[in-house]
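Visitor: structure, please.
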Amino acid sequence: MQRAVRHLAAALSVTAALTLTVTAPATAQSGSRLTLVHGLPNTDIDAYLDDTLLVEGLAPESITDPQSLRSGEHELEVFEAGADPEEDEPLVRRSLTLAEAADITVVAAVTATATALSTFTNDTRTIEGGQGRLVVRHTSAAETVGVVANGEPAIPTLDPGEEESLAIAPGSYELRFQVTGASESALDPFEVPVRAGSSTVVHLIGTEQGRFAPYSVVVQTIDGLQPVPTAIPTGDSGLVATVDELPGGVVAAVAAAFVLLVGAALTVGVQALRSGRRLRPAAGGTGSTGGRG
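Guide: Below you'll find the predicted structure:
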């Protein structure tokens with residue numbers, strides 16, 4: 001009887017080792033996200049979205065955390081900090097139309113023509129191969145610029161209001177902006193880190209005002225863009241099957257097979273308990289064949 005119980009426990013342990021673990025694809029983000037970059041000089045700001053305070057007292061050359069909001073139509077207004085939105089005129093305003101699950105960055109900055117709110121859709125696609133992503137956005141009053149990374153030309157020309165994206169190896173990069181027609185850089189070289197599975201977004205802001213010193217950058221980091229495989233542990237041997245996607249029919253079929261396997265193990269174990277006999281290998285198996293000579 002004790003041997004039969006041990007065999008039943010062993011059968012159940014085998015079925016437990018074959019437990020199926022399926023991670024369903026992540027549900028798409030409902031709603032949208034907005035990040036605000038403050039590139040206006042010399043003043044703190046308050047920002048209102050649809051007449052509701054979104055951020056208060058944001059300092060120049062700073063950035064907000066992503067703000068969750070519904071998709072659809074919105075009105076964004078930026079005031080000097082402490083202004084009365086009922087009485088005072090905003091420094092700048094803009095209507096926004098956000099698609100479902102959009103992730104955008106709005107940059108309040110002085111361009112070559114006006115004070116403006118420039119909008120960019122953040123690239124949140126998966127970054128493959130252990131790479132990182134470097135995005136450079138020209139939101140300053142400068143003319144066309146070139147971008148140099150670690151002493152090598154990375155982006156030959158970047159026009160006002162435009163952005164460029166590079167897939168690069170993780171590491172620290174020294175960036176320099178060269179204004180077209182100028183003999184010196186727009187600002188001193190600066191270092192930015194690029195991590196695997198993350199996007200580093202550099203916003204060039206500021207105005208010349210007779211010197212290059214007023215230019216600056218605001219850096220945004222978007223994490224969590226590395227691939228997330230769906231894994232199926234197939235026992236304790238360390239072997240893992242990795243798939244990009246399992247159709248619902250396949251998952252159901254594997255789950256049904258798993259249930260049948262458990263049922264078979266229980267049936268065999270119960271029969272062994274009732275008979276009081278131990279389980280033996282089939283004829284021709286690996287059991288002892290020796291006899292008396």
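Visitor: the helices in the protein, which residues?
Guide: Here the chain has its helices, by DSSP state H, at 2-17, 248-275.
Visitor: below-threshold pLDDT in this protein: ranges please.
Guide: Applying pLDDT under 70 to the chain flags residues 1-30, 209-213, 230-293.
Visitor: run the last query once more with 50
Guide: 1-29, 211-212, 237-246, 248, 250-254, 258-259, 261-262, 264-293 (pLDDT under 50).
Visitor: just the terminal-to-terminal distance for stretch 204-224.
Guide: Across stretch 204-224, the terminal residues are separated by 24 Å (Cα to Cα, to the nearest Å).
Visitor: same question, stretch 88-103
Guide: The first and last residues of stretch 88-103 sit 30 Å apart, counting by Cα to Cα.
Visitor: could you do stretch 148-163 as well?
Guide: End-to-end distance of stretch 148-163 (Cα to Cα): 15 Å.
Visitor: got the buried residues for it?
Guide: Going by neighbour count (16 or more other Cβ atoms under 10 Å), the buried part of stretch 148-163 is Val148, Ala149, Ala154, Ile155, Leu158, Pro160, Gly161, Glu163. In short, each C-beta sits where N, CA and C put it, glycine included.
Visitor: OK, contacts around the residue lying closest to Asp159 once chain neighbours are set aside?
Guide: What sits nearest to Asp159 in space, not counting adjacent residues and going by Cβ to Cβ, 6 or more residues apart in numbering, is Thr144, at 5.2 Å. Thr144 makes contact with Thr157, Leu158, Asp159, Pro160, Val179, Thr180 under the criterion Cβ atoms under 8 Å, 6 or more residues apart in numbering.
Visitor: ok, the second one touching Val135?
Guide: No. Leu158 is not in contact with Val135 according to Cβ atoms under 8 Å; the separation is 11.0 Å.
Visitor: quickly list what's touching both of those two.
Guide: Taking Cβ under 8 Å, 6+ apart as the criterion, Leu158 and Val135 both touch Glu164.
Visitor: on that earlier part again, looking at the buried residues of stretch 148-163, which are in strands?
Guide: In strands, judged by DSSP state E, the following of these are found: Val148, Ala149, Ala154, Ile155, Leu158, Glu163.
Visitor: looking at these, which is nearest Thr121?
Guide: The nearest member of these to Thr121, counting by Cβ to Cβ, is Glu163 at 9.6 Å.
Visitor: next one: the residue nearest to that closest one when sequence neighbours are not counted from Pro60, what distance?
Guide: Among residues not flanking Glu163 along the chain, Arg137 sits closest, at 4.3 Å (Cβ to Cβ, 6+ apart). According to Cβ to Cβ, to the nearest Å, Arg137 stands 17 Å off from Pro60.
Visitor: same thing with Asp188?
Guide: Using Cβ to Cβ, one gets 18 Å for the distance from Asp188 to Pro60.
Visitor: these two: which is more packed in?
Guide: Neighbour tally, Asp188 and Pro60, criterion other Cβ atoms under 10 Å: the higher count belongs to Pro60, 17 against 11.
Visitor: excluding sequence neighbours, find me the nearest residue to the more buried one.
Guide: Excluding the flanking residues, the one nearest Pro60 by Cβ to Cβ, 6+ apart is His38, at 5.6 Å.
Visitor: also Ala141?
Guide: That would be Thr207: by Cβ to Cβ, 6+ apart, it lies 4.1 Å from Ala141.
Visitor: residues contacting that neighbour?
Guide: Taking Cβ under 8 Å, 6+ apart as the test, what Thr207 contacts is Pro41, Val110, Ser140, Ala141, Ala142, Pro214, Tyr215.
Visitor: again, 6 Å this time
Guide: Val110, Ala141, Pro214 (Cβ atoms under 6 Å, 6 or more residues apart in numbering).
Visitor: keep only those of the residues you listed that are in strands.
Guide: With DSSP E as the criterion, strands contain Val110 from among the contacts of Thr207.
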